[in-house]
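S.K.: A structural model of the following input is requested.
(4 chains)
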There are 2 protein chains.
Amino acid sequence: MEARAPRRANRSTVLAHVLTHGPVTRTAIGQETDLSPATVSRIVEQLLDEGLLVETDGTPTATRGRRATRVAIAAGRGVVCGVDVGGSNVRMVVADLAATPLVSRTVPTPAQYDAPRLAQWLADLIRQTVGDNLDRLDCVAVGLPGAVREHDRAVSNAPNLPQVEDPEFLRLLEKRLSTGVEVDNDSNYALLGELRFGAARNAQTAVMFTIGAGLGAGVAIDRRLFRGRSGMVGEFGHLPAGPLGTSLEQIISGPGILARARDLGLPFDNPADVFRSTDSRLVPVKQYVEQALLIILTAAVVAYEPEVIVLGGGISHALKPDLGRLGGRLREIVPVTAAAVQSAELGDLSGALGAVVAALHTAYGRLGLAEPDLAHVPQPDALAGCDLHALSANAIA
Amino acid sequence: MEARAPRRANRSTVLAHVLTHGPVTRTAIGQETDLSPATVSRIVEQLLDEGLLVETDGTPTATRGRRATRVAIAAGRGVVCGVDVGGSNVRMVVADLAATPLVSRTVPTPAQYDAPRLAQWLADLIRQTVGDNLDRLDCVAVGLPGAVREHDRAVSNAPNLPQVEDPEFLRLLEKRLSTGVEVDNDSNYALLGELRFGAARNAQTAVMFTIGAGLGAGVAIDRRLFRGRSGMVGEFGHLPAGPLGTSLEQIISGPGILARARDLGLPFDNPADVFRSTDSRLVPVKQYVEQALLIILTAAVVAYEPEVIVLGGGISHALKPDLGRLGGRLREIVPVTAAAVQSAELGDLSGALGAVVAALHTAYGRLGLAEPDLAHVPQPDALAGCDLHALSANAIA
DNA sequence: GATAATACTTTCAGTCTGAACGGAAATAGA
DNA sequence: TCTATTTCCGTTCAGACTGAAAGTATTATC
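M.R.: Coordinates of the predicted model:
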């Protein structure tokens, strides 16, 4: 009585195609997915009935013959919210189902709050930012500055915002939002953002390091996040490769850099300033950091053979002038596989936008998109021509 | 007119079930695969017609009712050959489609031969070892001591047997065998062997290091080999983490160990002897190697969060007593994720048996097994109760 | 307005599945 | 030995689904 598998699979294929290619004609879907026109027509009709797709009246070409009607995802049918909770700032982006950003917002993190209060504050902030779209809110994804274990979402290793390790934080957040909340490491989300919209959008395999107060890492293999069991994949800062077996994270992260500068009698407040300074006494510090970074980059290349390594986080700005040289040295060490070393294209918003992507994946999954198709959605140019900073003005005060 | 996809998928499911579970009744297949008895019956009938399966007349249980007939793979329908070409020895195992080893053989590598001659010698050796089964030879898989790039099978990085880098080697081998030949890095195959039959058989994610003349590595994620683009994934020996940015491979591999011992005025011929010696002057050498190994193990844990790290190759025997301590130190460095550090269970035959697995995968693929199902075949206990050393006596002299 | 081109829909034959039924084979017990 | 029961397996049948082909709708060109 049942043989529903093919229908579901084809439905997912069609939906994925619309999501990745934007407004598209039925004929084009058929040609590019190797489905027959009849099947496409039937499935599109069903999706239209369900309200998942809408017909756009666009008159795209001026050729002879009947005008093709294009269908697109019913973008306004739902919204998602991506949140990047950092030690100093909380950034969030609300987007519709077509991944078009609607509102963007940045607020200082009230780091002094305890877990329940922080959860409540964040939930209220999200509700407020989502505003009128609250009833259409499909999913919220929150990036946290710590390791998130996949199977039970336990948070660990969050020295910059230890409150979030408390399971209460998540529980209360979900309760007060009355929506499922996705959680992951902020570096993973940052990579997801760059992978979809930024520096890694053409890479199959990519690694991202966020260098700031700590050293975070995200890894994507075949365009899918590789999380590992406890969410610490790629954190090569733990390598005991410094002198006397010290960990590299101690060398490369903000506090480590400041400490070394201080040892030289040069107190700085901001690690990025150390790199901007031209004081010749700082040369060994910079070299030291660079050597550590080189080990980490080599480890990433050898571990995953990524096409791109993206550097993000506060200190990465300061490293920008050195990227070319770093890439060169990397190629000397591992000549076989070259990886481009680039800085994050999405800047501070990588994390929030990656969270949006994660939330969209959940939302799309509920709409019937099969797991393998998720690796290709949403379309990379959803952000094109969209000034995110302008959107932040739209935020409710 | 066509809707063949479900049939192919179900066929693959049934075939995979028989391959993983050995002789099994139709009813059991239906229950464990969630296919209806009708479907199972039809597909089994088809597979019997094709000669891929055979009915075994076993009367397994003594319950009431009609006796269930069990079906199994037609093991004798084809054979595969797995070859591990090392710098000093060539090992090969011939097995049938049920992964039961038929012949095992070890021969010194004629390292002085040039590429064409080596290819011819190896082809002849394989033909001879396969013997009467030659006409049923489905696939040959050869592990080489070098990096193999996936898309064009170019071999590089083979200092211990540079001939195999010559593309002629492969071309002639295939020509003379008149069979498709699979090629991969020997460490990858060793891991495949351990993953299927040995120390990693219960692990989803595992890493293997073969420590010998060089430092080789293989990585499996979710029970599938992770190769990367140029086949050097996991080779953390390249990390410039030694003093003055020297690579770890120089420290940990055989020649490096011998050189350091020689610096102390203690000439050895065999690196394993360095570890066996109780000379107190060697303590710093051992510590030095251990520290390098620890960095490599840490890198592996951080990179992939494996459940098991398998150590193989000549030197690993000598390290066996230290494995417990090494594991302990590893857990101190990366407490969140513990990986068991074990030595290879299959010993010298990991590589050849892994090559058998790879060859079987190709053979199974030709029989219609879908790619995701390959990760679970053949069944892990195909080797149980089979003395491989006894088989080597069967080899044609 | 006829014609041609293109886009979509409907019809139809054919594949495949699961549920239900029925025959076959084996044990248990009278 | 004969029958009831249990279990295994094959067959039948309605339903889901697909692609090819034929049909319909819509548009530009002549």
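
S.K.: near DNA strand D, which residues of the stretch 1-150 of chain A?
M.R.: Residues of the stretch 1-150 of chain A found near DNA strand D, taking Cβ under 7 Å from any atom of the strand as the criterion, are A:1-4, A:6-7, A:10, A:34-39, A:42-43, A:62-67. No exception for glycine: its C-beta is placed from N, CA and C like everyone else's.

S.K.: Could you identify the buried members of those?
M.R.: A:Asn10, A:Leu35, A:Thr39, A:Arg42, A:Ile43 (16 or more other Cβ atoms under 10 Å in any protein chain shown).

S.K.: Looking at those residues, which is nearest DNA strand C?
M.R.: Proximity of these to DNA strand C (Cβ to the nearest atom of the strand) peaks at A:Arg42, which lies at 6.1 Å.

S.K.: quick one: stretch A:206-218 near chain B?
M.R.: No. Using Cβ under 8 Å from any Cβ of the partner chain, stretch A:206-218 stays clear of chain B, coming no nearer than 8.5 Å.

S.K.: What of stretch A:286-303?
M.R.: Yes. Applying Cβ under 8 Å from any Cβ, one finds stretch A:286-303 in contact with chain B at A:Gln291, A:Leu294, A:Ile295, A:Thr298, A:Ala299, A:Val302, A:Ala303.

S.K.: Check which residues of stretch A:75-93 are buried.
M.R.: By neighbour count on 16+ other Cβ under 10 Å, the buried set for stretch A:75-93 is A:75, A:77-86, A:90-93.

S.K.: which of these sit farthest apart?
M.R.: Using Cβ to Cβ, the two most remote members of the buried residues of stretch A:75-93 are A:Arg77 and A:Gly86, lying 30.7 Å apart.

S.K.: list the contacts for the residue at minimal distance from the centre of chain A?
M.R.: Here the mean C-alpha position of chain A is nearest to the C-alpha of A:Gly354 (Cα atoms, centre = their mean), at a distance of 2.2 Å. Applying Cβ atoms under 8 Å, 6 or more residues apart in numbering or on different chains, we find A:Gly354 in contact with A:Gly82, A:Asp84, A:Gly143, A:Asn188, A:Tyr189, A:Ala190, A:Leu191, A:Leu192, A:Gly193, A:Glu194, A:Leu195, A:Arg196.

S.K.: Pull out the buried positions in the helix or strand where it lies.
M.R.: Secondary-structure assignment from DSSP states H and E places A:Gly354 in helix A:350-366. The neighbour-count check on helix A:350-366 (16+ other Cβ under 10 Å) flags A:350-364 as buried.

S.K.: tell me the mean pLDDT for that helix?
M.R.: The pLDDT scores in helix A:350-366 average 96.

S.K.: Between the residues of stretch A:286-303 next to chain B, which sits nearest A:Arg201?
M.R.: Distance to A:Arg201 across the residues of stretch A:286-303 next to chain B (Cβ to Cβ) is lowest for A:Ala303, with 21.6 Å.

S.K.: does that closest one really touch B:Phe236, like I thought?
M.R.: Yes. Counting by Cβ atoms under 8 Å, A:Ala303 sits close enough to B:Phe236 to count as a contact (7.5 Å).

S.K.: Overlap in contacts, those two.
M.R.: B:Ala299, B:Ala303.

S.K.: So which of the buried residues of stretch A:75-93 are in helices?
M.R.: Counting by DSSP state H, the buried residues of stretch A:75-93 place none of their members in helices.

S.K.: Nearest to chain B, out of these: which one, please.
M.R.: Distance to chain B, by Cβ to the nearest Cβ, is smallest for A:Val85 among the buried residues of stretch A:75-93, at 20.5 Å.
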